[in-house]
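Chemist: Would you be able to build a 3D model of this:
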Amino acid sequence: MFVISQDKHISINMKKILSIYNRNKVIGVEYPFNEEAYVDLGRYETQKRADEIFDEIMKRYKSWENMKAGQPSGTCNPIYKMPLE
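Modeler: Now for the predicted structure:
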């Protein structure tokens, strides 16, 4: 699954990341090849909204993985675009 950044300049392959983070109203990813390899994907007005987006990403990723395993559920679209707000 791919995640498109809020500014639409970055596409992240979820299979290639070490972790996805949600802190201080920012959602981003960390790459395994470098301790400093962090990429912010979106910034939100409130932590509550960042939490909602984070949950959406996790649900979409789980649905995508389930679909690949032959057990589709939820939205199985392989691309998630970070909302503007």
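
Chemist: Could you give me the buried positions within stretch 44-56?
Modeler: For stretch 44-56, a neighbour-count test (16 or more other CB atoms under 10 Å) marks 44, 49-50, 53-54 as buried. Glycine gets a C-beta too; all of them are placed from N, C-alpha and C.

Chemist: now those residues as JSON lines including secondary structure?
Modeler: Formatted as JSON lines, the entries for the buried residues of stretch 44-56 read as follows, by DSSP: H, G, I helix; E, B strand; the rest coil:
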{"residue": "44", "secondary structure": "coil"}
{"residue": "49", "secondary structure": "helix"}
{"residue": "50", "secondary structure": "helix"}
{"residue": "53", "secondary structure": "helix"}
{"residue": "54", "secondary structure": "helix"}
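
Chemist: now the residues you listed in CSV, with distance to residue 65 and pLDDT?
Modeler: CSV is the format used below for these (distance: CB to CB, whole Å; pLDDT from 0 to 100):
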residue, distance to residue 65, pLDDT
44, 25, 97
49, 25, 96
50, 23, 96
53, 19, 96
54, 17, 96
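
Chemist: with the residues you listed in mind, which one is nearest to residue 80?
Modeler: Compare each of these with residue 80 using CB to CB and the shortest gap goes to residue 53, at 9.3 Å.

Chemist: need the contact list for residue 26.
Modeler: The neighbourhood of residue 26, defined by CB atoms under 8 Å, 6 or more residues apart in numbering, consists of 40, 42-44, 50.

Chemist: go with 7 Å
Modeler: Shown in contact with residue 26 (CB atoms under 7 Å, 6 or more residues apart in numbering): 40, 43, 50.

Chemist: which among the buried residues of stretch 44-56 gets closest to residue 33?
Modeler: Proximity of those to residue 33 (CB to CB) peaks at residue 54, which lies at 23.3 Å.

Chemist: okay, now residue 36: neighbour count?
Modeler: Each residue near residue 36 was counted by other CB atoms under 10 Å, and the total is 6.

Chemist: quick one: the helices in this structure?
Modeler: Across the chain, reading from the start of the chain, the helices by DSSP state H fall at 47-68.

Chemist: Tell me the confidence at the residue nearest to residue 16 when sequence neighbours are not counted?
Modeler: Here the nearest residue to residue 16 in space, its sequence neighbours aside, is residue 31; by CB to CB, 6 or more residues apart in numbering that works out to 7.0 Å. Reading off the per-residue confidence, residue 31 sits at a pLDDT of 82.
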